[in-house]
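# This is the structure alone, sequence omitted:
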């Protein structure tokens, strides 16, 4: 048996084989000595009556603390539910208004009854009056030709 | 006509309710079940958090917080566990929460060493007042200081074993590791503590003097 294995088994309920090994093994005996020393030094002193008295009424105090925490949690849940409901109502009102209707703004311009007059606007020259007609047709066939 | 003899009544000791049953009862609003769970484990939790607390009141506060958090965990997890037909590991939750709260307490303030050492020093000096007692108190203080320097898992296993006095199987259950692993951590912790204490108590070490 290896000492490492024996030391692990010596920690709790060692069987006869392990104990027999430990009786003959200086290393395992050293470990047992270290274990008992470390355990004894690390163990806290027993709680004093004053320390034990600190636990008096712990159940009642914890119960009231628990109830208070639960009430607080419920009220927060209530606020959250109310806020959620409000948001739901608001959004329902928004969505129930239906799709947004498109509004087309159109400029209607009525043509004046006198179309010619429409061309003449105030402040602009009457170009029709300035019209100069040139006769650009081809003259008589022989006109101007050299005989 | 002779009256029929009454059947012999036998007193049967009442089986203590399981943690799971008590959790279900308290979540249904039964304050008595709540109180019974606290009565069942308050000494254990107190023993565990005492190492981390500066005063008895602080230890009580940590104990109460551990219970409240464990009950909250039960409230959240119980429906799922009931649906899965699983047991309620209330004790494991409680101890793990207590250890974590203790660790946080140490992290939040350097209170780890104050209370137990002061309590020990006071007790030793008033009771014995001899040179041997002082030496022993010093060695104990050094050991506890060394416990605070252990790696996390080793410290958890060590305190569950030493402060709570749990068997290794239960330590393994609480920390979610195997029993062999728990023993191995404890074994390493003991060896490390032995070395640390030797180093700290060495006259060359600057911390080796007074605790």
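Sure, I can see it. Just so it is clear, the structure is predicted and the values come from calculations on it, not from any experiment. Numbers count the residues shown, from 1 in each chain, chains lettered A, B, ... in the order given.
# which secondary element of chain B has the worst mean pLDDT?
Lowest on mean pLDDT, DSSP states H and E among the helices and strands of chain B sits helix B:114-127, with a mean of 47.
# tell me which parts of chain A are close to chain B?
A:7-8, A:11-12, A:31, A:34-35, A:37-39, A:41-45, A:47-48, A:50-51, A:53-55, A:58-63, A:65-66, A:69 (Cβ under 8 Å from any Cβ of the partner chain). Backbone N, C-alpha and C define where each C-beta goes, glycine included.
# among these, which ones are buried?
Among the residues of chain A next to chain B, those classed as buried by 16 or more other Cβ atoms under 10 Å in any protein chain shown are A:7-8, A:11, A:31, A:34-35, A:37-38, A:41-42, A:44, A:47, A:51, A:54-55, A:58-59, A:62-63, A:66.
# any idea which helix is longest in chain B?
helix B:56-83 (DSSP state H).
# what's the answer for chain A, then?
Max-length helix for chain A by DSSP H is helix A:58-96.
# What average pLDDT does it get?
In this model, helix A:58-96 has a mean pLDDT of 81.
# just stretch B:134-146 next, same as before
Per-residue pLDDT over stretch B:134-146 has a mean of 78.
# That stretch near chain A at all?
Yes - for stretch B:134-146 and chain A, the contact criterion (Cβ under 8 Å from any Cβ) is met by B:139-140, B:142-144.
# Output the below-cut-off pLDDT ranges for chain A.
Scanning chain A for pLDDT under 70 picks out the ranges A:93-101, A:109-147.
# need the helices for it, in chain order.
For chain A, the helices defined by DSSP H cover A:3-10, A:16-24, A:26-42, A:49-53, A:58-96, A:115-119.
# before we move on, what about chain B?
Under DSSP H, chain B gives helices at B:19-27, B:31-49, B:56-83, B:90-108, B:114-127, B:131-148, B:152-162, B:168-175, B:179-200.
# and the fourth one, what does it pack onto?
Packed against helix B:90-108 by the contact rule (3 or more Cβ pairs under 8 Å, 6 or more residues apart in numbering or on different chains; DSSP states H and E) you find helix B:19-27, helix B:31-49, helix B:56-83, helix B:152-162, helix B:168-175.
# can you put those helices in TSV and add distance to residue A:88 and mean pLDDT?
As requested, the helices and strands packed on helix B:90-108 are exported to TSV (distance: least, Cβ to Cβ, whole Å; pLDDT from 0 to 100):
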stretch	distance to residue A:88	mean pLDDT
helix B:19-27	30	85
helix B:31-49	37	91
helix B:56-83	26	87
helix B:152-162	47	93
helix B:168-175	45	94
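# which stretch among those helices comes nearest residue A:23?
Nearest of those to residue A:23, taken as Cβ to Cβ: helix B:168-175 at 23.0 Å.
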